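J.: With the sequence up front, the predicted model follows.
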Amino acid sequence: MFVLNPAAKEQLDMHFGDKDKEPIRIYLSSGCGGPRLGLALDDKKATDQVFEVDGYSFVMETSLFEEAKPVTVTFDQNMGFAVQSSLVFPASKGGCSSCGCGGSCG
């Protein structure tokens, strides 16, 4: 199951406006806050699952989707876009020292 919540759709509509709607990739990202699912504009690959929702194409590596489903793209005014899924990530122990917030990227 794949869901785009109404607030996220509204933000995408504002972002793309009169621009061409490019595919939006959901991918596994890691950084100072630890691993998470992220969003980026990207082309479809042969190994992707494609979800056409409310006029937008979301692409996600099929094996990642199988681990993460169900997937919901949300938007919060304070936090921005987020991808919710059944994946459980370990709690972050702090940020990277290179970004000035101390801790470890471990």
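T.: Perfect, thanks for sending it. Predicted model only: the values in this text are computed from it and were never measured.
J.: The closest residue to M1 other than its chain neighbours: neighbour count?
T.: Closest residue to M1 apart from its sequence neighbours, by C-beta to C-beta, 6 or more residues apart in numbering: P70 at 3.9 Å. To be clear about C-beta, it is placed using only N, CA and C from the backbone, and glycine gets the same treatment. Counted by other C-beta atoms under 10 Å, the residues lying close to P70 total 11.
J.: Same check on M79?
T.: 8.
J.: What does the pLDDT read for it?
T.: Listed pLDDT for M79 reads 91.
J.: immediately after the longest helix along the chain, which helix or strand?
T.: Scanning the chain for the longest helix, with DSSP state H as the assignment, gives helix 6-16. The helix or strand immediately downstream of helix 6-16 is strand 24-29, counting by DSSP states H and E.
J.: that older thread, could you list every residue that touches the residue nearest to M1?
T.: The contact partners of P70, by C-beta atoms under 8 Å, 6 or more residues apart in numbering, come to M1, F2, V3, S85, S86.
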